[in-house]
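Chemist: Generate coordinates for the sequence data below:
(chains A, B, C and D)
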2 protein chains.
Amino acid sequence: MEKGKAENVWLRSSGGVGRDAPPLSRDRIVEEAVALLDEEGAGRLTMRRLAERLGTGSTTLYWHVKTKDDVLDLALDAIFAEVEIPRDRERDWRADITALIGGWRATLLEHPWSAALLGRPMLGPNVLARSEFLYATLLGAGVVEPHLTAAAYGLSNYVIGSALMQATWLNSVEPAVRQAAGEHLRANRERYPALAAHGPLVVDDDWDTGFTLGLTWLLDGIQASRAPST
Amino acid sequence: MEKGKAENVWLRSSGGVGRDAPPLSRDRIVEEAVALLDEEGAGRLTMRRLAERLGTGSTTLYWHVKTKDDVLDLALDAIFAEVEIPRDRERDWRADITALIGGWRATLLEHPWSAALLGRPMLGPNVLARSEFLYATLLGAGVVEPHLTAAAYGLSNYVIGSALMQATWLNSVEPAVRQAAGEHLRANRERYPALAAHGPLVVDDDWDTGFTLGLTWLLDGIQASRAPST
DNA sequence: CTGGTGACCGGATCATTGATCCAGTGCTCG
DNA sequence: CGAGCACTGGATCAATGATCCGGTCACCAG
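Modeler: Predicted coordinates for the structure are as follows:
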């Protein structure tokens, strides 16, 4: 057996397992966890599999991380680093927010497993930095309470909900189920006439334009809610 | 040991375990599952615990249900029965939709565990009936594609996102964590000035008004998106 | 050089859980 | 009365999160 780990000195001193095999740090664990999640989804992340990919024993992970949930929280925050924060603050606030929210959505969709994790408190530095930008931009646009909180929450909730639903149907569900669902709707078209005719699963949705439309509505509402003078 | 189950004839024939103890059906399993979820949360639902509450062995459940996920799917759809579908269709569509979405949100918040399950396809009859009403009402209001899909998705996603976030912070997270999070924000107020001053966890949020505001924005947008003639 | 100190690693092991095997048990219908 | 069917559950398996405890190795004081 002796697994894959080479028990040979030559291979360890300057090369080691894999390529360089950094000595295993929390960052490396999170990095590999994201890769594993991307490849196989949230359901297949186990500490053992993660450890195996890292070339170590599963026990070792617990020295760097307290629980599996820690890994998930760290992975979730890690992918938010991909969400670009608009630089030039001189542009109008709508463009800035649209860019932020768009990137937010794109990242969530690129890592479909993240949708399943949104039900946990997001307090990592990357998430907080994006929220900070959102609040700051809204403040700069002249949005004040109670519209400020409503706007920030509304936008966040909208992206989260959209990504959750789209990820559910596009990535988590096998095409067969999706097709069966559509047929089920058509078969019961007396009970669900509107759904059978226009519903999702039946119509070939264009998620992007739908998302953009809703976002525009929200932004319009936020814009109109500001003090009339602005 | 002989547990709690009374091995006495008198208690079984016309009374049985618990009160009436219907002979265990899929409905009764789901009913008890909802109760268990309500009391202890999604994380503590196991087939064994559920079986114990039903006074049976865990194995028996698998005769009525194929997997644990089935139980979750059934439970999720079951609570949607609580969402009232507006009757009198003569009122304006905004009132109808507001009522539906409001009830939807109320139900999700009354069963916080449901938020964690929103990432799975919802195809149960109760959910479909509510979606049907949503589509039908929008159609009746003169909303046409592509605004129709955008409106239906936007509204759904908004409720789902809102409920998910609120349930996360209000029910799933211990107050201590919430408080610590607020302090963490204030401690790093240089990095997160806007969040520390106006953010959630700092300001004492009023979830309801925030939700209503965002919903109004969406409805305004939908209303304006209809053909100008209407 | 040596002995120890502390960061880091992992095999063995435990408890929990979803799921299945198979031997019942009792009721109904022929 | 006996055969079959709906239904039940104890024993059991495999996977998993987590922990115990004994190792390994670099480094540093004496």
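Chemist: Please report the distance of A:Arg87 from A:Leu100.
Modeler: For A:Arg87, the distance to A:Leu100 equals 11 Å [C-beta to C-beta, to the nearest Å]. Backbone N, C-alpha and C define where each C-beta goes, glycine included.
Chemist: Comparing these two, which residue is more hemmed in?
Modeler: Each of A:Arg87 and A:Leu100 has its neighbours counted (other C-beta atoms under 10 Å in any protein chain shown); A:Leu100 has more, 21 against 9.
Chemist: Tell me, please, the helix or strand in chain A that averages the lowest pLDDT.
Modeler: helix A:9-13 (a mean of 37; mean pLDDT, DSSP states H and E).
Chemist: So is the longest helix seen in chain A next to chain B?
Modeler: Taking DSSP state H as the criterion, chain A has its longest helix at helix A:147-167. Yes. Using C-beta under 8 Å from any C-beta of the partner chain, we find that helix A:147-167 touches chain B at A:147-154, A:156-162, A:164-165, A:167.
Chemist: Give me the ChimeraX select line for those, limited to the buried ones.
Modeler: Restricted to buried positions by 16 or more other C-beta atoms under 10 Å in any protein chain shown, the ChimeraX selection for these reads:
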select /A:147,148,149,150,151,152,153,154,156,157,158,159,160,161,162,164,165,167
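Chemist: picking up where we left off before, pull out the buried positions in the following helix or strand past the least confident helix or strand of chain A.
Modeler: Per DSSP states H and E, the first helix or strand lying C-terminal to helix A:9-13 is helix A:26-40. Using 16+ other C-beta under 10 Å as the test for burial, helix A:26-40 gives A:29-34, A:36-37.
Chemist: Tell me which stretches of chain A form helices.
Modeler: Using DSSP H, helices in chain A cover A:9-13, A:26-40, A:47-54, A:58-64, A:68-79, A:93-110, A:113-117, A:125-140, A:147-167, A:175-187, A:193-198, A:207-225.
Chemist: got the ones you listed as a markdown table, with distance to B:Val71 columns?
Modeler: As requested, the helices of chain A are exported to a markdown table (distance: least, C-beta to C-beta, whole Å):
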| stretch | distance to B:Val71 |
| --- | --- |
| helix A:9-13 | 49 |
| helix A:26-40 | 25 |
| helix A:47-54 | 26 |
| helix A:58-64 | 30 |
| helix A:68-79 | 23 |
| helix A:93-110 | 28 |
| helix A:113-117 | 18 |
| helix A:125-140 | 32 |
| helix A:147-167 | 21 |
| helix A:175-187 | 18 |
| helix A:193-198 | 25 |
| helix A:207-225 | 30 |
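Chemist: distance of A:Leu213 from A:Ile101?
Modeler: 13 Å.
Chemist: now swap in A:Val173 and tell me
Modeler: From A:Val173 to A:Ile101 the distance is 25 Å (C-beta to C-beta).
Chemist: Compare these two and say which one has the larger neighbour count.
Modeler: Between A:Val173 and A:Ile101, A:Ile101 has the larger neighbour count (other C-beta under 10 Å), namely 22 against 16.
Chemist: need the contact list for that one.
Modeler: A:155, A:158-159, A:215 (C-beta atoms under 8 Å, 6 or more residues apart in numbering or on different chains).
Chemist: just those now: which is nearest DNA strand D?
Modeler: A:Val159 (27.7 Å; C-beta to the nearest atom of the strand).
Chemist: isn't A:Val127 right up against A:Phe80?
Modeler: Yes. Applying C-beta atoms under 8 Å as the test, A:Val127 and A:Phe80 come out as touching, 5.1 Å apart.
Chemist: Looking at the two, which has the bigger crowd around it?
Modeler: A:Phe80 (22 against 19).
Chemist: measure that one to A:Thr168 for me?
Modeler: Taking C-beta to C-beta, one finds A:Phe80 at 20 Å from A:Thr168.
Chemist: how about the residues of chain A that lie near DNA strand D?
Modeler: Residues of chain A lying close to DNA strand D by C-beta under 7 Å from any atom of the strand are A:44-49, A:58-59, A:62, A:66-69.
Chemist: Please list only the buried members of the residues you listed.
Modeler: By 16+ other C-beta under 10 Å, those give A:45, A:47 as buried.
Chemist: Identify the farthest-apart pair in the residues of chain A next to DNA strand D.
Modeler: Spatially, the most separated pair among the residues of chain A next to DNA strand D is A:Arg44 and A:Lys66, at 21.5 Å (C-beta to C-beta).
Chemist: Verify the stated contact: A:Pro125 with A:Ala78.
Modeler: No. With contact defined as C-beta under 8 Å, A:Pro125 does not count as touching A:Ala78 (10.2 Å).
Chemist: Please say which of those two ends up with more neighbours.
Modeler: Applying other C-beta under 10 Å to A:Pro125 and A:Ala78 shows that A:Ala78 carries more neighbours, namely 17 against 13.
Chemist: how many neighbours does the residue lying closest to A:Thr168 once chain neighbours are set aside have?
Modeler: Leaving aside its sequence neighbours, A:Thr168 sits nearest to B:Gly119 (C-beta to C-beta, 6 or more residues apart in numbering or on different chains; 5.5 Å). As a burial measure, B:Gly119 scores 22 neighbours (other C-beta under 10 Å).
Chemist: got a pLDDT number for A:Gly124?
Modeler: A:Gly124 is assigned a pLDDT of 94 by the prediction.
Chemist: ok, and the closest non-adjacent residue to it?
Modeler: A:Gly124 sits nearest to A:Asp77 (C-beta to C-beta, 6+ apart), 2.7 Å away.
Chemist: Distance check, that neighbour against DNA strand D.
Modeler: The gap separating A:Asp77 from DNA strand D is 18 Å, by C-beta to the nearest atom of the strand, to the nearest Å.
Chemist: show me where pLDDT drops low in chain A?
Modeler: In the predicted model of chain A, residues A:1-23, A:89-90, A:172, A:204, A:228-230 satisfy pLDDT under 70.
Chemist: For it, which residues are neighbours of DNA strand C?
Modeler: Selection of chain A residues close to DNA strand C by C-beta under 7 Å from any atom of the strand yields A:5, A:23-24, A:55-60, A:63-64.
Chemist: which of those residues has the most neighbours?
Modeler: Ranked by neighbour count under the definition other C-beta under 10 Å, the residues of chain A next to DNA strand C are headed by A:Thr56 with 19 neighbours.
Chemist: re earlier: gap between the residue nearest to A:Thr168 and A:Ala167?
Modeler: For B:Gly119, the distance to A:Ala167 - C-beta to C-beta - is 7 Å.
Chemist: what's the overlap in contacts for the two?
Modeler: A:Ala115.
Chemist: measure the nearest residue to A:Asp69 once chain neighbours are set aside to A:Ala75 for me?
Modeler: Counting by C-beta to C-beta, 6+ apart, the nearest residue to A:Asp69 once its immediate chain neighbours are dropped is A:Arg120, at 7.7 Å. Distance, A:Arg120 to A:Ala75, using C-beta to C-beta: 11 Å.
Chemist: Comparing the two, which shows the higher neighbour count?
Modeler: In this view A:Arg120 and A:Ala75 are compared by other C-beta under 10 Å, and A:Ala75 has more residues nearby, 26 against 15.
Chemist: ok, A:Ser58 - contacts?
Modeler: Residues near A:Ser58 by C-beta under 8 Å, 6+ apart: A:47-48, A:50-52.
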